[in-house]
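[1] predicted model, plus sequence, below.
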Amino acid sequence: MGGLAAAQTNPFREAPADTVRVQPGHTKKEFAGCLMKASVSGAQHVGLSTNVLGVPGITHSVGVSKSQKGPYPEQGMGLEKGETPVILEAMVPWLNRYPKRDKAQLLREGFQFGFRIPGREGSEKGVSHKNLRSALADPALVMEKLHKEVGLGRMAGPFPDPPLPGLRVSPLGLVPKKEQGKFRLIHHLSHPKGNSVNDEIDRELVRVCYTSFDEAVRLVREAGRGALMAKADVESAFRLLPVHRESLHLLGCFFGGGYYVDRSLPMGCSISCSYFEAFSTFLEWVVRQKAGVNGIIHYLDDFLCVGPSDSALCGVLLQTLCEVASEFGVPLANDKTEGPTTCLKFLGIEIDTIQQECRIPQDKIWLLEEEVRYACAAKKVTLRQLQSLLGKLNFTCRIIPMGRVFSRGLSMATAGVQQPHHFIRLNKEHKADLEVWQMFLRDYNGRAYWLSKPETNTELDLFTDAAGSLGFGAYFKGAWCAAPWPESWASAGLTANLTLLELFPIVVAVEAWGQQLANNSVIFHSDNMSTVMALNNLTSGSRPVLGLLRHLVLRCLQLNIEFRAKHVPGCVNNIADALSRFQWDKFRKLAPGADIQGTPCPELVWRIV
């Protein structure tokens, strides 16, 4: 009976099992001293039916071995991978044909045996019974969510003692969902810093390349004005992926006096996104194969279907996606399925195929403006505050990509700062970037019209040039501007800065004729490589050049102009060259239809330098 005595110390021993039935109505005191019923069956095993505090109606499979020694069972014994509605048998024929063979094997083995989380066995340093403040603030909600997960077979527990050897216990927390008043339970597997579950996962394994919002807009634009769109959202996402029994010891948590083990991939595990992205990419491929068209993309668990206004392709894609999901047992969120329609939100941004524009909700613009205003006035901000601001800036940059240049320095300022409450001092460059955002947001209405295809200088009839010792010239569809360099520039050494001289007339052209260039994508040609690099990278070691770049980008943001530069060695630029050298006869001969009077150089451009 020695095996039975050991079993009564901890009932979780071995996989062959009777059952542990969870009964309602137990108190916390009963938790530690739960009633055990044992019966000997044969010479090898002792079966247990144990009453454990938990959720009504939940049954856990447990077994005990007479030969098992020590306070804990062998790793993973008694606990299996989580339950999932996903039907592997239905997917196998498609997995056999899937071109990405490594991903096909990953998905096949993952749904059959569970997905593995790379990591080592736990230690005392990796155990934390302290949960996040967000969880402690609403224990009833946390308990409700834990009970739900146990009921769905995605978690096991509660247990009075650690049910697995070397169990890594990580904190629980609550984070708000997009829906007002709703929260998501997270398993904080990045704690403790330096010795967490996530710290032990190779960063290369968690690297994911997501579809960009630009790709969604490209797909919609290809379908033409009035294109039809539909979207669907996979419900429970990561929780559909069961965890391999050999990785269960990494996913412990402690709440309400009991231990729980996550049996499905949790929100908070760094490899969850990588595994689910492999699954959703496979689902997208199956839909493409069955529908015979390519008008579908996804971003993690969000799917977007697109088709021309005069066809049924969008509806066909949505129906096919729903059929594939049903066949494979993948639940879709009915309340988030929408379309076909000409206007819907994807990734939080409204796409309108009639107006041919993207729109950010006005409340998000107001919140961003408020945080920018606060940061502009502050000498320093906490890491948490700066990360919040950067998140909102990056969201806005989904429809105004050029704004990213003014987030780059702020993002770099977070490097090396470890604790959310630690302060970051904002220097002059940070403040200059924030001031650009503040000026832009002051009049921004949250809309971005779709840009035309990129046009070169020649196609736009736009030419600029600079002569180092003389001045600059700019020409646009008959309008022109030319002026000598100020004498003060020579004494300050600015006329030796060729990047500055070549960039100046480009800024003049956008400032003077920006309204005519609005809602365009422009390619600037230049025979000066440093100018091309400054325009494309939107940075420079020269303060005067950086000042011009900031102003140029701000004006382009306001006018919805997107630009890039292309190096053209020895480019022929005769009209602008004649203007920059004040060769009027030559200019009139080259451009006989040019305006009689030139456009004055905007005074504010001179003041930038």
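    Cool, got the structure. Numbering: from 1, shown residues only.

[2] going forward, measure contacts between C-alpha atoms and count neighbours the same way
    OK.

[3] just checking, which helix or strand of this structure averages the lowest pLDDT?
    strand 36-41 (a mean of 28; mean pLDDT, DSSP states H and E).

[4] the closest residue to residue 94 other than its chain neighbours and residue 293: what is the separation?
    Distances taken as CA to CA, 6 or more residues apart in numbering put residue 286 closest to residue 94, at 7.2 Å, once the chain neighbours are dropped. Using CA to CA, to the nearest Å, residue 286 is found at 11 Å from residue 293.

[5] who's more crowded, those two?
    The neighbour comparison of residue 286 against residue 293 (other CA atoms under 10 Å) goes to residue 286, with 20 against 14.

[6] doesn't that one belong to a helix?
    Yes - counting by DSSP: H, G, I helix; E, B strand; the rest coil, residue 286 falls inside a helix.

[7] which stretches of the stretch 451-600 of the chain have low pLDDT?
    Along the stretch 451-600 of the chain, the parts satisfying pLDDT under 70 run over 454-458, 570-571.

[8] tell me the buried residues in stretch 354-365?
    Residues 356-360, 365 are the ones in stretch 354-365 that count as buried (16 or more other CA atoms under 10 Å).

[9] turn those residues into JSON lines, columns for distance to residue 216 and secondary structure.
    Converted to JSON lines, those look like this (distance: CA to CA, whole Å; DSSP: H, G, I helix; E, B strand; the rest coil):
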{"residue": "356", "distance to residue 216": "13", "secondary structure": "coil"}
{"residue": "357", "distance to residue 216": "12", "secondary structure": "strand"}
{"residue": "358", "distance to residue 216": "11", "secondary structure": "strand"}
{"residue": "359", "distance to residue 216": "14", "secondary structure": "strand"}
{"residue": "360", "distance to residue 216": "15", "secondary structure": "coil"}
{"residue": "365", "distance to residue 216": "22", "secondary structure": "helix"}
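
[10] distance to residue 538 and pLDDT added to the residues you listed, as CSV?
    Formatted as CSV, those follow (distance: CA to CA, whole Å; pLDDT from 0 to 100):
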residue, distance to residue 538, pLDDT
356, 28, 93
357, 25, 93
358, 24, 95
359, 25, 95
360, 25, 95
365, 24, 94
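
[11] tell me how many other residues surround the residue lying closest to residue 526 once chain neighbours are set aside.
    Distances taken as CA to CA, 6+ apart place residue 567 nearest to residue 526, at 5.3 Å, with adjacent residues excluded. Residues lying near residue 567 (other CA under 10 Å) number 16.

[12] and residue 567, how far is that from residue 278?
    Shown here: residue 567 relative to residue 278, a distance of 39 Å by CA to CA.

[13] could you do residue 199 as well?
    22 Å.

[14] swap in residue 316?
    Per CA to CA, residue 316 is found 24 Å from residue 278.

[15] repeat that for residue 314.
    24 Å.

[16] give me the more crowded residue out of these two.
    The residue with more neighbours, out of residue 314 and residue 278, is residue 314; 26 against 17, by other CA under 10 Å.

[17] contacts only, for that one.
    Shown in contact with residue 314 (CA atoms under 8 Å, 6 or more residues apart in numbering): 228-230, 295, 305-308, 340.

[18] burial check on the closest residue to it other than its chain neighbours, number of neighbours?
    Distances taken as CA to CA, 6+ apart place residue 307 nearest to residue 314, at 4.4 Å, with adjacent residues excluded. Neighbours of residue 307 under the rule other CA under 10 Å: 27.

[19] what pLDDT does residue 307 get?
    Looking at residue 307, its pLDDT is 97.
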